[in-house]
Each structure stands twice: as C-alpha cells, then as structure tokens.
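Engineer: coordinates only, sequence not included:
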C-alpha cells in the first residue's frame, strides 16, 4: 500500500512542500530513499528503524521504497525522520490515514523514538497556508517559534509513539498557543550607555546613526572605548516591529540559532565576527548555502572591530548587501537570496601603532605605513559609511567622574521620535530610514534654509568635500534635524553633519 | 578427512535447523538447492513470504558465534542465490527474505543451542 505524508524543506529562507511517499513489498527487505536526499537524509533510515522498533511498533521486514517529491529539489537535514517513519507506519496500516492530508510533519528522531529539534520551523509554519494545510506537528523544542504564526494549529509532541497515538485519536492535545503580545515585552539589555564615561560626542554620533540607520566608523587609539560604545548601540535602537522580528527570527531559525522555547527574536541582533572570518562565513555560502553574519545581523547591528585587519575580499563582498539590503548567493547547484538589512558599525585605529590621534603618546608610524594601513579600506566601502567618529583617549577627569551620563532609555526615546517622523514621511515609498535616501529623493526631502545653504557651499569650497560626501552630509543632517524635530534643515544641523566626515577632511595619512 | 568431517557436521546442523523451523511454523519447500552461485541450505515459506535460510553450524565457540562467519561477501552470495531461485520460479516481485539459523553442537554432535535471526541480510 502506498502512504503519503506531507513535510517541508527550507531552501534559503523559503519553505517548499515535500510529499513523502512510501511503497512496501516486492523483494529483499531494505529501505531505499529516492528524491535527491543528502547524506543526513540517507542516514535517517538507520535512526528510523531503531526509533520504530523502540517505540513498540514492528518494523516491516519488506522492501521499502521512499520517494521525496518533488524529486528535483535537494532535500537536506534531519527533519524528514518523522515524516518518513510515519509514512512507513501508515503504509503498514498502523496509522489512521484518513486525516493525514491536513498535517505537515517535521522532526528528527533519536534512536529511542524521541523527537529532537529541527532547523527552520518558523519559515515552514509561515508557508503552511500556501501549502493548503493548517496543522503542523513538530518537536516541542520548536513549537513556540512556529506557534507565533496566525491561523494554523501547531501540535508539539515528544515522541514518535505520541504522534501515532495522537493521529489515531488515542490522545488529545490542544494546539499550542503563543501569541506575539506575550513575547513583545520591553527589551532588557545587560549593558547601558550610562556605563560609558565621557565620550559625549561619540554617544551623540551613535544616537544620530541609530535614528537614521546610518553606518558608522569609529576611529580611535586602543583602549578608548570603541568596542564598549559599539556594544551599547543596540540598546538605543528602536524596538523591533512584528514584521522585523519575524524576518530576523526566520533567518535565525534557518541557521538553527533560535533558542528553543523562546518564540521570536525581539531584541535587535548584534553580531561581531572576528577579523579572521572568511567571505563565505560573512555573507553566507557553502555548497548547501547557509546564512552568514550579515544576514544574522538582519535588522540589527554588524560590528566589525579592527576593520583594516579584515581580508580585503571579505570587506568587498559587503558592498552589494550594504546597498540593496539583500545578498544573493550563486552556486552551481542553486541561487539563493537572504535578507541582510543591517547597520554597519566598524572600529579601527588611526594608524598601525594606534596612537596617531593620541595627544599624550607619540605615534611612530611612517606616513607610508599609515597610508598603507588606511588604504586597506577601499573607497567604495568607505563611501557607504555616513558617519565617521573620532573616539579620543579619555581624560583623567572623565575617568574619575562619579556622575553617570544619560541612560540608554532616554536616548532611545529621542531615537524613537526621530524614527516616527521618518516613518510618517516615507510612508508611501519603500524607504524606512534617512540613510536609504537616493539623490533624487534628497532634493525632495532635504530642504535647507538660506543660512545652511551658504554654510554647505563654504564647506565644499574650503574643505574640499566631494560630491559623494555632499550627499552623505545632507542625509545625516536630515536625521539631525529629525532628532531636533525640525522640518527644514538649519545651519547647526549641517555643521554637525560636516563634523562626522573626518576621513573626508584628510586629517591624517 | 577434515573436510568430510565438516560436511557431516553441516548436514547434522541443517537437519536440526529444519526441525526447529518447522516448529516455528515454517513450511520447508526445499533443501540444498544448487544455483550457479552456490547452495541454498533451506527454502521455506511462512505467511506467503519465501524465506531462504542459511544454516551455520559450529562445534566450539573458539572462533566466535556461528553467525559471525557470514561476511559481507557471503551476504552478497546469499542474495544472488535467492534471486536466482526466485527467477527460476518466476516470482521475482514477491516478498522474500533471508534468515540465518546458527546451531551449536556439543562433542556428541547433539544440539547445544540454536538461534534464529530473522531478516539477517538486508539490501544496501
């Protein structure tokens, strides 16, 4: 008898329906799995055999042929264990197969028949409706993330035996409920901006960056607090919307990084890969592509410490995602697109020894060395960074100061306001942040008063600012004006924006 | 001399195994059937499944339990034998399987222990 069970596999971040068909009989006993299974799927036959035996069912001593349809999609991972085991049991008549058409099954089996967690249950849950099914049976560890999706029924189960008993109506369980309101608590962070002493203008710069979604480069001597400041950036970013939370959780689910029983990711991710990272690990890749750091940082912050130490080809691959918010990975076997809308925060020393901008310690690098060091970061990449912040060495009076600065909460209130203004302004376009403005839109949205226009002209003449930097200054000043609650950009907004272009002003090198 | 002795032990083992299988509800339909690839010890039938039985007999456990001597190559031969038989009888697409009976004899060539391993050889 032929049994049919529905399951799903995830390619990129999109789920595809897979039908598991099982036919038994005719020949020497054994299991044969066809339909482009990878090694993990092929190995599943040994797990399934033990799991079925150890769940007090008899494993048929017959020739079993299993087909994973459509046969032209590559099936990978261990989540087919449960549907294959069930289809074998169904073909033997151990399961009431009349209701199977409503269900989608996913789950890895252990030898004793327990269900173990899988990757990608959230994208599958989100695609369930498009498959025309509404019930999802999966391991308990993955149930919360799937239960977030509306209008489907998620049944968390613990063992193969429980699944069979449930399908045969011997046990009854209620579908898992996990509404998003419960998960949308006010985000708590372990760190806060009031831990950082001094560095007020850097904090202000980060506030502007957070408000407008601008990329930031922090430049300063060792020990000046670049990493400390960057780590606190997520605490002042506005709360994630439900849509953002779903997008980010989807990627984390595919990468298998979603903590079990936590539901969705509600805090903005902060990823800080080490500078030895390979290009494939940064943007995603592999022969069976998996999302890289830039996708894991989607809707959050990607922090690259010691930027010039990164390999050049690693940095250059970030150009397309920085521009478009997606990364397309092309391999021989397939072509995938992962979302990667992140805020880039990079930190670097001003020169190889690190002390060029330090007033106390002398720098002993030659101009040539500094030039080589700075040239490791290409123009096109630097072009995509709107705000350059110099982080000076802390003064003694700052260090011993007992007063605490502004808390992250206070800063975030201002950031939220500025974001609300942007949301209202760009509601008809597909823009979210000032940082994404194109030059045509700049003219429309960045209206300067007379005084600021004069100032900008002067800056172009006196400081030798390029056309490219001109756009950046307009964008950043737009954000500063939004933080100020002004519709027209004033001269002090412009001058603050100019102060964030230190690399253009060729202060060193 | 040694070879003849081994053959004798083998025959004794096969007889013991056939009796044992009958008790278990197997219907014996042939013994010592020759094919181009070798010999099938016992062909039996139970629940409409054709069962090819390989009997292994040992008099001492110095070389390990009897069924341990069924190597990968031996398994391939068993499958070929069985397929040959099925083809001869025109039943290639019906169910069949290979069982192993391992018989241990004591010094008087009487059965000391007997064990049936159902579905001992699987594809792939």
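Structural biologist: Yes, it's here. Since we're looking at a predicted model, the values are computed, not measured.
Engineer: Let me know whether residue A:33 touches residue A:83 as I believe.
Structural biologist: No. Contact between residue A:33 and residue A:83 fails when scored by Cβ atoms under 8 Å: they sit 11.7 Å apart. C-beta coordinates here come from the backbone N, C-alpha and C atoms, glycine included.
Engineer: Next, count neighbours for the residue of chain B found nearest chain A.
Structural biologist: Nearest residue of chain B to chain A: residue B:123, at 3.0 Å (Cβ to the nearest Cβ). In terms of burial, residue B:123 registers 12 neighbours under the definition other Cβ atoms under 10 Å in any protein chain shown.
Engineer: Next one: it from residue B:7, what distance?
Structural biologist: According to Cβ to Cβ, to the nearest Å, residue B:123 and residue B:7 sit 31 Å apart.
Engineer: got it, and residue A:34?
Structural biologist: Between residue A:34 and residue B:7 the distance is 44 Å, computed by Cβ to Cβ.
Engineer: Using the three-state scheme, assign residue A:100.
Structural biologist: Using DSSP: H, G, I helix; E, B strand; the rest coil, the three-state assignment for residue A:100 comes out as helix.
Engineer: Excluding covalently adjacent residues, which one is nearest to it?
Structural biologist: Across the structure, with Cβ to Cβ, 6 or more residues apart in numbering or on different chains as the measure, the residue nearest residue A:100 apart from its sequence neighbours is residue A:5 (6.1 Å).
Engineer: now whichever residue of chain A sits closest to chain B, which residues is it bridged with?
Structural biologist: The nearest approach of chain A to chain B comes at residue A:30, 3.0 Å away (Cβ to the nearest Cβ). With DSSP bridges as the criterion, residue A:30 is bridged to residue A:63.
Engineer: wait, it sits on residue B:119?
Structural biologist: No. With contact defined as Cβ under 8 Å, residue A:30 does not reach residue B:119; the gap is 9.5 Å.
Engineer: my read is the residue nearest to residue A:100 is in a strand, agree?
Structural biologist: Yes. Secondary structure assignment places residue A:5 in a strand (three-state DSSP).
Engineer: That one: how many residues sit nearby?
Structural biologist: Burial measure for residue A:5: 28 neighbouring residues, criterion other Cβ under 10 Å.
Engineer: same thing with residue A:234?
Structural biologist: For residue A:234, which is what you asked about, the neighbour count (other Cβ under 10 Å) is 21.
Engineer: returning to that earlier point: is it true that the residue nearest to residue A:100 touches residue A:102?
Structural biologist: No. No contact is recorded between residue A:5 and residue A:102 when judged using Cβ under 8 Å, the distance being 11.5 Å.
Engineer: Could you check how many residues crowd around residue 12?
Structural biologist: Using chain A here. Residue A:12 is surrounded by 22 other residues when neighbours are defined as other Cβ under 10 Å.
Engineer: switch to chain B, that's the one I care about
Structural biologist: Residue crowding around residue B:12 was assessed by other Cβ under 10 Å; the count is 17.
Engineer: what pLDDT does it get?
Structural biologist: According to the prediction, residue B:12 has pLDDT 90.
Engineer: Now do the same contact list for the closest residue to the residue of chain B closest to chain A other than its chain neighbours.
Structural biologist: Counting by Cβ to Cβ, 6+ apart, the nearest residue to residue B:123 once its immediate chain neighbours are dropped is residue A:30, at 3.0 Å. With Cβ atoms under 8 Å, 6 or more residues apart in numbering or on different chains as the criterion, the residues that contact residue A:30 are A:63, A:64, B:122, B:123, B:124.
Engineer: of these, buried ones?
Structural biologist: Among the contacts of residue A:30, those classed as buried by 16 or more other Cβ atoms under 10 Å in any protein chain shown are A:63, A:64, B:122.
Engineer: Looking at these, which is nearest residue A:408?
Structural biologist: Nearest to residue A:408 among the buried ones among the contacts of residue A:30, counting by Cβ to Cβ, is residue A:64 at 58.5 Å.
Engineer: wait, the closest one sits on residue A:33?
Structural biologist: No. Using Cβ under 8 Å, residue A:64 is not in contact with residue A:33; the gap is 9.1 Å.
Engineer: In the sheet, which residues pair with the residue nearest to residue A:100? Tell me.
Structural biologist: The residues that residue A:5 bridges to, once DSSP bridges is applied, are residue A:20.
Engineer: do you know how far it is from residue A:75?
Structural biologist: Going from residue A:5 to residue A:75 by Cβ to Cβ gives 14 Å.
Engineer: returning to what we had before: of residue A:33 and residue A:83, which one has the most company?
Structural biologist: Higher neighbour count among residue A:33 and residue A:83: residue A:83, with 27 against 23, using other Cβ under 10 Å.
Engineer: For that one, pull up the helix or strand it's in.
Structural biologist: Secondary structure assignment for residue A:83, by DSSP states H and E: helix A:81-91.
Engineer: Around chain B, which positions in chain A sit nearby?
Structural biologist: The interface of chain A toward chain B, taken as Cβ under 8 Å from any Cβ of the partner chain, is made up of A:25, A:26, A:27, A:28, A:29, A:30, A:31, A:32, A:61, A:62, A:63.
Engineer: Buried ones from those, can you make that a ChimeraX selection?
Structural biologist: Remark: buried members of those, expressed as a ChimeraX selection using 16+ other Cβ under 10 Å:
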select /A:27,28,29,30,31,61,62,63
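Engineer: ok, back up a step: tell me which residues touch the residue of chain B closest to chain A, please.
Structural biologist: A:27, A:28, A:29, A:30, A:32, A:63, B:79.
Engineer: Of those, which pair is most distant in space?
Structural biologist: For those, with distances taken as Cβ to Cβ, the pair at the greatest spread is A:32 and B:79 (14.5 Å).
Engineer: my read: residue A:306 touches residue A:373, true?
Structural biologist: No. Applying Cβ under 8 Å as the test, residue A:306 and residue A:373 come out as separate, 11.0 Å apart.
Engineer: more neighbours, these two?
Structural biologist: Residue environment comparison for residue A:306 versus residue A:373 gives the larger neighbour count to residue A:373, 20 against 14, counting by other Cβ under 10 Å.
Engineer: ok, and the closest non-adjacent residue to that one?
Structural biologist: Once its chain neighbours are removed from consideration, residue A:373 has its nearest residue in residue A:352; the separation is 5.0 Å (Cβ to Cβ, 6+ apart).
Engineer: from what I can see the one you found touches residue A:366, true?
Structural biologist: No. With contact defined as Cβ under 8 Å, residue A:352 does not count as touching residue A:366 (9.5 Å).
Engineer: Which elements pack onto the strand or helix carrying residue A:382?
Structural biologist: Counting by DSSP H and E, the element that carries residue A:382 is helix A:379-383. Under the contact definition 3 or more Cβ pairs under 8 Å, 6 or more residues apart in numbering or on different chains; DSSP states H and E, helix A:379-383 sits against helix A:312-316, helix A:319-324.
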